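[1] missing the sequence, but the structure's below:
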Ligand code: HEM
């Protein structure tokens with residue numbers, strides 16, 4: 001080849017090239033055309049059956065959306081656990097049943113690369129952080145930060161979450177006699193965002209409306225730019241991404257809000273720390289994610305405060321919308337299954353009574369032993385009687401029915417096809433089928449969440465007390481995929497469940513009745529896809545005051 005470029009060709013060579021080059025170009029073009037026609041976007045393993053598209057449709061979406069469960073059941077029965085479908089405008093191999101586990105236990109299946117391919121979400125989030133440009137390193141940092149500053153601190157964070165959420169509920173709802181909330185999601189978004197600002201950046205900033213609004217709306221703004229790409233062609237996707245990442249990226253303005261708000265807080269914290277060191281007294285370290293990021297500034301190679309705030313926005317994107325969506329959906333279940341409200345409320349009253357009794361016993365013992373001299377000395381301490389009926393982590397942990405109800409809502413509602421992954425190399429499944437490099441799979445959640453064996457029977461029914469007495473039955477596992485599974489299972493799930501329990505506890509303690517504004521939309525509301533428009537409002541009726549709990553929050 002090099003010779004052709006460096007030596008002058010003879011007449012004979014030129015003649016030969018005149019024949020060979022067009023033939024070569026022809027073969028290459030034919031190969032490209034055949035490859036394009038044959039490459040339907042599915043795995044190249046042709047032993048994987050492809051579900052035929054219904055006549056008149058362009059993708060399987062129409063049939064799927066009519067009844068997702070019935071469509072998938074039909075496909076599983078006809079084609080087995082692995083089959084190809086064109087869903088949400090993209091070709092996926094659907095993975096069902098026992099094979100699902102292989103997706104989460106094989107690191108060569110990548111959730112992030114699938115997300116990037118479908119929505120470009122990684123490029124967007126990388127555009128607002130200066131360090132942690134490597135997506136795997138960034139994920140590791142996210143897991144560590146959430147573990148150290150959130151999951152391991154749930155008992156300390158719970159009273160703060162309760163306080164913030166109660167404040168919003170009292171401010172926005174008060175006592176009400178059949179009050180219509182046209183969009184319950186907005187109420188819950190405010191509750192979740194305010195509580196999350198406290199957990200992420202401290203109580204002081206939870207009072208800052210601009211920060212709360214950034215927490216509440218940055219995911220929505222982000223959704224506006226990544227949403228339209230889901231069904232777009234490859235070129236359109238590229239065009240949209242370039243346009244939004246470089247020209248109209250909605251995220252930097254949210255990062256700026258956090259920088260403006262966090263800078264004085266950080267300076268003050270640094271000053272207090274320096275003063276504590278100078279005095280030789282321990283620094284009273286604030287308990288929030290911002291502090292965690294500052295403490296580990298060097299370990300994670302953060303560059304400056306802008307970088308830290310960019311990272312916080314990435315966390316907000318993972319945390320707020322998912323939690324708000326689940327809490328809103330859970331409230332719809334309270335309306336659809338009114339028979340659960342009283343048992344949930346009664347359980348709460350019983351647990352609060354029990355905890356108050358135990359605390360009183362503890363106080364008596366301390367008085368008897370002389371450890372505490374008089375009842376007055378308990379004021380302002382851990383055992384202050386005024387806090388006997390607070391919702392603490394201890395109280396929420398004992399709400400077995402509540403825990404079961406929440407987990408059952410998440411099991412029952414979870415979208416039937418979710419958790420897309422991309423094969424990073426050719427991967428042979430245990431049934432011998434191969435997912436070729438670069439192709440995407442999607443998990444058939446129906447096949448596990450609606451499996452009678454995995455769910456201990458009646459899997460197709462909503463049974464609010466399904467998980468009562470089954471300790472840890474719903475931790476990430478192949479039978480329970482609401483938080484994913486394996487190494488990349490949601491690291492924020494402990495916080496998310498605590499928030500769901502708090503919202504549900506506050507709801508049933510304050511309101512005795514939840515009713516749909518438009519009851520014909522009940523099924524739609526219960527099975528709403530994540531992020532979809534809520535099709536109806538809700539009426540809230542307050543409990544009569546004498547029945548209301550007396551806990552001080
Ligand atoms: C009810 C609320 C939530 C739901 C339903 C949810 C669900 C999920 C799911 C299904 C995944 C994918 C897991 C997988 O690939 O196997 C995930 C990942 C993730 N979630 Fe959540 N999540 C929620 C709340 C949160 C919160 C509050 C945080 C942060 C505090 C968070 C942070 C993350 C992160 C960082 C990842 C990426 C993990 C990785 O790629 O390794 N999530 N979540």
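    Nice, thanks for sending it over. Note that this is a predicted model, so its numbers are computed, not measured. Numbering: from 1, shown residues only.

[2] tell me the centre residue of this protein?
    The centre of the chain sits closest to residue 322, judged by Cα atoms, centre = their mean, with a distance of 4.0 Å.

[3] pretty sure that residue sits in a strand.
    No. Going by DSSP: H, G, I helix; E, B strand; the rest coil, the assignment for residue 322 is helix, not a strand.

[4] so it versus residue 189, what's the distance?
    12 Å (Cβ to Cβ, to the nearest Å). No exception for glycine: its C-beta is placed from N, CA and C like everyone else's.

[5] cool, and residue 404?
    25 Å.

[6] is residue 344 in contact with residue 508, as I believe?
    Yes. Here residue 344 reaches residue 508: they are 4.6 Å apart, a contact under Cβ atoms under 8 Å.

[7] between these two, who's got more neighbours?
    Using other Cβ atoms under 10 Å, the more surrounded residue of residue 344 and residue 508 is residue 508, with 24 against 21.

[8] enumerate every residue touching the more buried one.
    334, 341, 344-345, 348 (Cβ atoms under 8 Å, 6 or more residues apart in numbering).

[9] tell me the secondary structure for residue 465?
    coil.

[10] so what touches stretch 452-471?
    69, 333, 337, 340, 400-401, 403-405, 407-408, 411-412, 448-451, 473-474, 478-479.

[11] residue 202: how many residues sit nearby?
    20.

[12] for it, which non-adjacent residue is spatially closest?
    Among residues not flanking residue 202 along the chain, residue 288 sits closest, at 4.7 Å (Cβ to Cβ, 6 or more residues apart in numbering).

[13] show me the shaky parts of the stretch 451-553 of the chain.
    Scanning the stretch 451-553 of the chain for pLDDT under 70 picks out the ranges 471-475, 545-553.

[14] repeat that with 80
    Residues of the stretch 451-553 of the chain meeting the criterion pLDDT under 80: 471-477, 531, 533, 544-553.

[15] near the ligand, which residues of it are found?
    For the stretch 451-553 of the chain, the residues in contact with the ligand (Cβ under 6 Å from any ligand atom) are 482-485, 488-492, 495-496.

[16] can you flag the buried ones in those?
    Neighbour counting over these (16 or more other Cβ atoms under 10 Å) leaves 482-485, 488, 490-492, 495-496 as the buried ones.

[17] so which of those belong to helices?
    Among these, the residues falling in helices (DSSP state H) are 495-496.

[18] output the buried ones among the residues of the stretch 451-553 of the chain next to the ligand as CSV; include the columns distance to residue 373.
    Putting those into CSV (distance: Cβ to Cβ, whole Å) gives the following:
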residue, distance to residue 373
482, 50
483, 48
484, 53
485, 54
488, 54
490, 48
491, 46
492, 44
495, 39
496, 43
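
[19] please enumerate the strands of the chain.
    Ranges of strands in the chain, per DSSP state E, are 82-87, 90-95, 109-110, 179-181, 417-423, 427-428, 434-435, 440-444, 511-516, 538-542.

[20] determine which stretch of these is the most buried.
    Mean neighbour count (mean count of other Cβ atoms under 10 Å) peaks for strand 440-444 among the strands of the chain, with a mean of 25.

[21] still on that earlier bit, more neighbours, residue 404 and residue 189?
    Taking other Cβ under 10 Å, residue 404 and residue 189 do not tie; residue 189 has more neighbours (25 against 22).

[22] what sits closest to that one if chain neighbours are left out?
    residue 324 (4.7 Å).

[23] got a list of what the one you found touches?
    185, 188-189, 192-193.

[24] if we go to 6 Å?
    Counting by Cβ atoms under 6 Å, 6 or more residues apart in numbering, residue 324 touches 188-189, 192.

[25] count of neighbours near residue 11?
    By other Cβ under 10 Å, neighbour count at residue 11 equals 7.

[26] per-residue pLDDT, it?
    Here the pLDDT value assigned to residue 11 is 70.

[27] same question for residue 27.
    60.

[28] near the ligand, which residues of this protein?
    So far as Cβ under 6 Å from any ligand atom goes, the chain lies against the ligand at 104, 111, 139, 142, 146, 150, 315, 318-319, 322-323, 326, 419, 482-485, 488-492, 495-496.

[29] that older thread, just the buried members of the contacts of stretch 452-471?
    For these, buried by 16+ other Cβ under 10 Å: 333, 337, 340, 400-401, 403-405, 407-408, 411-412, 448-450, 473-474, 478-479.

[30] surely residue 131 touches residue 303?
    Yes. The criterion here is Cβ atoms under 6 Å, and residue 131 meets it with residue 303 at 5.4 Å.

[31] tell me which of the two has more neighbours.
    Ranked by neighbour count (other Cβ under 10 Å), residue 131 and residue 303 place residue 131 first, with 18 against 13.

[32] tell me the contacts of the more buried one?
    When contacts are counted by Cβ under 6 Å, 6+ apart, residue 131 touches 301-303, 307.

[33] rerun at 7 Å
    300-303, 307 (Cβ atoms under 7 Å, 6 or more residues apart in numbering).

[34] name only those of the residues you listed that count as buried.
    Buried among these (16+ other Cβ under 10 Å): 300, 302, 307.

[35] and the nearest residue to residue 517 once chain neighbours are set aside, how many neighbours?
    Using Cβ to Cβ, 6+ apart and skipping residues adjacent in sequence, the residue nearest residue 517 is residue 537, 3.8 Å away. Close neighbours of residue 537, defined as other Cβ under 10 Å, add up to 16.

[36] pull the most distant pair out of the contacts of residue 508.
    Taking Cβ to Cβ as the measure, the contacts of residue 508 span a maximum distance of 13.4 Å, between 334 and 348.

[37] please report how far the nearest residue to residue 383 once chain neighbours are set aside lies from residue 373.
    Among residues not flanking residue 383 along the chain, residue 363 sits closest, at 5.5 Å (Cβ to Cβ, 6+ apart). As judged by Cβ to Cβ, residue 363 and residue 373 stand 12 Å apart.

[38] with residue 367 instead?
    8 Å.

[39] same deal with residue 98?
    Residue 98 is 64 Å from residue 373, by Cβ to Cβ.

[40] and if you look at residue 319?
    45 Å.

[41] okay, these two: which has more neighbours?
    residue 319 (25 against 9).

[42] what stretches of the stretch 201-350 of the chain score poorly on pLDDT?
    For the stretch 201-350 of the chain (pLDDT under 80), the answer is 223-248.

[43] surely the residue nearest to residue 517 meets residue 182?
    Yes. Using Cβ atoms under 7 Å, residue 537 is in contact with residue 182, at 4.2 Å.

[44] neighbours around residue 458, how many?
    Residue 458 has 10 nearby residues by other Cβ under 10 Å.

[45] measure it to residue 330 for me?
    Distance from residue 458 to residue 330, by Cβ to Cβ: 20 Å.

[46] what do you get for residue 316?
    Taken as Cβ to Cβ, the span from residue 316 to residue 330 is 21 Å.

[47] which residues touch the closest residue to residue 119 other than its chain neighbours?
    Excluding the flanking residues, the one nearest residue 119 by Cβ to Cβ, 6+ apart is residue 226, at 4.0 Å. Going by Cβ under 7 Å, 6+ apart, residue 226 touches 119-121, 124.

[48] 10 Å - rerun?
    115, 118-121, 123-124, 240-241, 244 (Cβ atoms under 10 Å, 6 or more residues apart in numbering).

[49] same question, residue 276
    Per Cβ under 10 Å, 6+ apart, neighbours of residue 276: 282-285.

[50] could you find the closest non-adjacent residue to residue 263?
    The nearest residue in space to residue 263 (Cβ to Cβ, 6+ apart) is residue 305, at 6.2 Å.
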